[in-house]
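Colleague: Give me the fold of what follows.
(chains A and B)
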Amino acid sequence: MPSKNAKPRLAVWKFASCDGCQLSLLDCEDELLAVAQAVEIAYFPEAVRSALSGRYDLSLVEGSITTPEDAERIREVRRRSRYLVTIGACATAGGIQALRNFADVAEYAAVVYARPDYIRTLATSTPIADHVPVDFELRGCPINKRQLVEVISAFLAGRRPAVPPHAVCIECKRNGNVCVMVAHGTPCLGPVTHTGCAALCPSYNRGCYGCYGPKETPNAPSLSRWLAALGMDARALQRLYRTFNANAAPFREESERHGA
Amino acid sequence: METSGTVVITLEGLESLIGLLKRRGYRVIGPTVRDQAIIYDEIAALAELPRGWTDEQQGGLYRLVPRDDDAVFGYAVGPHSWKKFLHPPTELLWTAERTEKGLRVTPAPLPDERFAFIGVRGCDLHAIAIQDRVLTHGGKIDPHYRARREALFIVAVNCAVAGATCFCVSMQTGPKATGAYDLALTELGREEDHRFVVEAGSEAGRVVLAELPHRAATEKDIAEAEAVVSATAANMGRSMRSDDLHELLLRNLNHPRWDEVAARCLTCGNCTMVCPTCFCTTVEDATDLAGHRISRSQRWDSCFTMDFSFIHGGSVRASPRSRYRQWMTHKLATWQDQFGTMGCVGCGRCITWCPVGIDITEEVAAIRDSEQH
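Modeller: You can find the predicted model right below:
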């Protein structure tokens, strides 16, 4: 734990992302003052004006690596950071923009931009951990602000964050929800998805979309067999796994087993 | 009004029972329809019970369907079990505060809520008895569970419907309610002469029953009630030979069937969450940002998570095969060594609520059958 006199320096970094996860920090209305008291927010372009300088005790990194410049910049962030925590599906899995990994980026650019030759981008969108060592990955699209406060509190207390990697189902059952798949026949990724959202969608009678990516030891092939038996076709199965965490290995591999 | 022996109450009598228990300070919990299923929640009146509803169940499948009569208890068990009240999913254990004199620890107060459960089936009565053994006997006593359990009033129901995933007969836990209940009901004449045969199983039950409008049961009432239970027993959806499970499973720890079930198992933990006897918890500490306050809570855990068996160096049961095997052999075999009873009551919830329909009775049968070839 850092000494009482010098507050730990916190930095928030953005790579290819929508800013939603770093805004979760500003969304911590009740805890925001406590956060500001506990740490010195030394670099956070969304919230404070300050220059990039010196070293940081805790870096929160949002976004994926999609350009050659960013692939260099993340190394600089790592060099300046004692602890580096990635936040959100982009930083931990490559994000929705990793759909490019399944396609031809040059073709995409030609379709979307009037002058594709202005675009300098990598062929893939990859998570931060593919580029530098990461101390902790906080999942979600977007992350859960309570979990973010937990990660910061755990860092300050020098303990392991209580962010379990089990299935959404366990949280769903603890909440007393009726299983949408068993009782309603609604396809749900909960059994293969990392918990953290407080089982948000099933709590409103929707199937889980897998926003938090694969859980520990996921068995997507077994779930897919069941969903296929419930009537889901191969293309739909492929799309099911290809959202915010399309590039996370268990979801990527499962999506590649289905569809055209 | 004196009450001795078996009596009969009407629907109005059941309504009076709910009101009476509420007036006596109980939180009355009973089956009710929510999100297309019959769950357990607080109820205030007879109208909140699932009158005219039933369920269809299979491995990985549950559907709420209307009945063609007005039965109040005409369905099998649903996704919830009573452990959600007696042994809740999260329980605060203690909080601590940093003061000038050091750390001040405050234990969480013992619960003072008094529950009355309406509609506890034979399987679930046995499940409560099993959790009693685990949580209130021996070395580790859970004082929160014990406080709720000691204040509990149980209105049991003799099952009139066997679900397609039920196998209480195999586990000798039902369909007749046996064990520690205060009152036990058998529902009769769901269309005409709708009534309940009631037996008191405790002094508290007799006292409550005496205050309800009732009449003595006739031989016909009693014969009809017995016929209901016999018919249910004859219609079990599943069966599982249970007298040799300990030896059968423990001599087959390396059976290839474990690999086959592991290929299907999602290790999602749903079976353990819905199981009325699964009692495992983990503790979780929370600290505030300033480092002044700490709290420790207990929450339901599952032997299907990696953290559950995490010791120095990693998880002891890293493979899904070892986790499924641990769960099933504990339920059916090693539970007997540990607690002197079976860990399974044959309620069928793990079969119905497994997202991919894994069936514990089918897994046992596959292992048993393989020995005969």
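
Colleague: hey, let's count contacts and neighbours off CA atoms from now on
Modeller: Will do.

Colleague: Neighbours of the closest residue to A:S224 other than its chain neighbours, how many?
Modeller: Counting by C-alpha to C-alpha, 6 or more residues apart in numbering or on different chains, A:L237 is the residue found nearest to A:S224 once chain neighbours are left out, at 7.0 Å. Under the neighbour criterion other C-alpha atoms under 10 Å in any protein chain shown, A:L237 is assigned a count of 21.

Colleague: Tell me which residues touch A:L237, please.
Modeller: Listed by C-alpha atoms under 8 Å, 6 or more residues apart in numbering or on different chains, the contact partners of A:L237 are A:224, A:227-228, A:255, A:258-259.

Colleague: So which of these belong to helices?
Modeller: With helices taken from DSSP state H, the overlap with the contacts of A:L237 comprises A:224, A:227-228, A:255.

Colleague: thinking again about what came up before, now, of the contacts of A:L237, which are buried?
Modeller: Burial by neighbour count, judged by 16 or more other C-alpha atoms under 10 Å in any protein chain shown, picks out A:224, A:227, A:255, A:258 from these.

Colleague: would you turn those residues into JSON lines with distance to A:R55 and pLDDT?
Modeller: Written out in JSON lines, the entries for the buried ones among the contacts of A:L237 read as follows (distance: C-alpha to C-alpha, whole Å; pLDDT from 0 to 100):
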{"residue": "A:S224", "distance to A:R55": "46", "pLDDT": "98"}
{"residue": "A:L227", "distance to A:R55": "49", "pLDDT": "97"}
{"residue": "A:S255", "distance to A:R55": "41", "pLDDT": "97"}
{"residue": "A:H258", "distance to A:R55": "46", "pLDDT": "95"}
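
Colleague: which pair in the residues you listed spans the largest distance?
Modeller: For the buried ones among the contacts of A:L237, the farthest-apart pair by C-alpha to C-alpha is A:L227 and A:S255; their separation is 13.3 Å.

Colleague: Give the residue spans of the chain that score low on pLDDT.
Modeller: All of this refers to chain A. Scanning chain A with the threshold set as pLDDT under 70 gives A:1-5, A:49-52, A:260.

Colleague: wait, I meant chain B there
Modeller: Counting by pLDDT under 70, chain B contains low-confidence ranges at B:1-4.

Colleague: Chain A contacts on that one?
Modeller: Counting by C-alpha under 8 Å from any C-alpha of the partner chain, chain B comes close to chain A at B:35-37, B:60-64, B:79-80, B:89-90, B:263-270, B:273-274, B:284-291, B:300, B:305-307, B:320, B:352-356.

Colleague: Inside strands: which ones of these?
Modeller: The subset of those located in strands under the criterion DSSP state E comprises B:37, B:61-64, B:90, B:284-287, B:300.

Colleague: which residues of the stretch 201-350 of chain B fall in helices?
Modeller: Remark: helices assigned in the stretch 201-350 of chain B by DSSP state H, counting those that start in this stretch are B:203-210, B:219-233, B:245-250, B:257-264, B:270-274, B:320-329, B:335-339, B:349-352.

Colleague: Those: which one's closest to A:Y113?
Modeller: helix B:257-264 (45.6 Å).

Colleague: what sits up against the closest one?
Modeller: Residues from elsewhere that reach helix B:257-264, judged by C-alpha under 8 Å, 6+ apart: A:219, A:222-223, B:320-321, B:324-325, B:356, B:358, B:363, B:366-367.

Colleague: for stretch B:54-72, same thing?
Modeller: For stretch B:54-72, the external contacting residues (C-alpha under 8 Å, 6+ apart) are A:182-185, B:36-38, B:49-53, B:74-76, B:163-165, B:187, B:190-191, B:351-359.

Colleague: Name the residues of chain A found near chain B, please.
Modeller: Applying C-alpha under 8 Å from any C-alpha, one finds that chain A approaches chain B through A:34-35, A:37-38, A:149-150, A:152-154, A:156-157, A:162, A:164, A:166-170, A:173-176, A:178-179, A:181-185, A:191-192, A:205, A:216-220, A:222-223, A:226.

Colleague: Put the buried members of the residues you listed into a ChimeraX selection.
Modeller: Applying 16+ other C-alpha under 10 Å to the residues of chain A next to chain B, the buried members can be selected in ChimeraX as follows:
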select /A:35,38,149,150,152,153,154,156,157,166,167,168,169,170,173,174,176,178,179,181,182,183,184,185,191,192,205,216,217,218,219,220,222,223,226
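
Colleague: Tell me which stretches of the stretch 1-150 of chain A form strands.
Modeller: A:9-14, A:40-43, A:56-62, A:81-87, A:136-138 (DSSP state E, counting those that start in this stretch).

Colleague: most neighbours per residue, which of the ones you listed?
Modeller: Stretch with highest mean neighbour count among these: strand A:56-62 (a mean of 25; mean count of other C-alpha atoms under 10 Å in any protein chain shown).
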